[in-house]
Each structure stands twice: as structure tokens, then as C-alpha cells.
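In: Based on what follows, work out the 3D shape:
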Amino acid sequence: MKNMHIILGGILVIALLCSVGTVAALEDNATGAQGTGDISDDIAPYNGSIGADSPLHGLKLAMEDLDETFTFNATQRVEKRLDHAQLRIAEVRRELHLNRTTSAERALEQYRQKLNLTEGSLTPFGSNAT
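Out: Just a heads-up that it's a prediction; the model follows:
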């Protein structure tokens, strides 16, 4: 019985963290400027509480991946992946601004992985799909 309470508590904590991470990502995207210039100019440095140097960053990434996994609409899944990739760039900019090159390199690698995953998911659509 005690194990059941622990498991249910763990699931509740994961669900809460997932919703908090999603809201934080949406807030970050809502504050970004949308323009026609260079994409690096449009993305402001990340100003959230769980940055690339945080010990909770891995959990944040796992929650983002879970969110993408349970998005069954392919278009929305690609949009979420692109939003998360932009979030990685914002984290890179913050880490570089704070002169934390190791964390910036780690976030940049995560950005590259997200882009590769996104490109792989776009392949089945072909070049003429909208």
C-alpha cells in the first residue's frame, strides 16, 4: 500500500512538472519577437529558472520530450519541436552572455539533436507538402 502511494505521488509530481514546463515554454515563446530578420536576432536570451546550467535541466528536457511524444498531431509535434529548439538557442545565448561555455556547448548540442529529430520527422511529408 505504501509503494502505491509513492508511485501515485511520483506520477503526480511528474504531471505537475510537465505542466509547469509547458507553461514556461509557452511564456518564453510568447515574449519572443516574430520578424523577418535573422533568427538569432529574434530569440532573446533565456530568462527562466531552469537554464542549461541547472541540475534540473535534464528533467526539463525529459518533460519536453514527453510532451512531444504524447502530441499525436504531426504538425503540432513539429511545431513543439521547433519551439523547443528555439528555447535551446535562447539558453545558449544566456549561457554565452554569462560566459559559461560548457553549458552553452551542451545546450547547442541539444539544439542540434532537436533539429535532426525534426528533420527526420519531416521526411515522410515530402517536399511538396504544406
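In: what packs against whichever strand or helix holds Ala85?
Out: Using DSSP states H and E, Ala85 maps to helix 74-97. Here helix 74-97 touches helix 2-31, helix 39-42, helix 57-69, helix 101-122, going by 3 or more C-beta pairs under 8 Å, 6 or more residues apart in numbering; DSSP states H and E. Every C-beta, even on glycine, is put in place using the N, C-alpha and C of the backbone.
In: worst average pLDDT in these?
Out: Among the helices and strands packed on helix 74-97, helix 2-31 carries the lowest mean pLDDT, at a mean of 60.
In: contacting residues around the helix holding Ala85?
Out: 25, 28-29, 32, 39-40, 43-47, 51-53, 64, 67-68, 71, 101, 103-104, 107-108, 110-111, 114-115, 117-118, 121-122 (C-beta atoms under 8 Å, 6 or more residues apart in numbering).
In: Buried among those? Make that a ChimeraX selection.
Out: The ChimeraX selection below is limited to those of the contacts of helix 74-97 classed as buried (16 or more other C-beta atoms under 10 Å):
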select :25,28,29,43,46,51,52,53,64,67,68,103,104,107,108,110,111,114,117,118
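In: List the buried residues of the helix holding Ala85.
Out: Buried residues in helix 74-97 (16+ other C-beta under 10 Å): 77-78, 80-81, 83-96.
In: List the residues that contact Thr101.
Out: Applying C-beta under 8 Å, 6+ apart, the residues contacting Thr101 are Glu95.
In: try 6 Å
Out: Thr101 is in contact with no residue at all, counting by C-beta atoms under 6 Å, 6 or more residues apart in numbering.
In: now it: how far from Gln113?
Out: Look at Thr101 and Gln113: by C-beta to C-beta, to the nearest Å, they are 19 Å apart.
In: do the same with Ser54
Out: Relative to Gln113, and taking C-beta to C-beta, Ser54 is found at 18 Å.
In: do the same with Arg88
Out: From Arg88 over to Gln113 the distance is 9 Å, taken as C-beta to C-beta.
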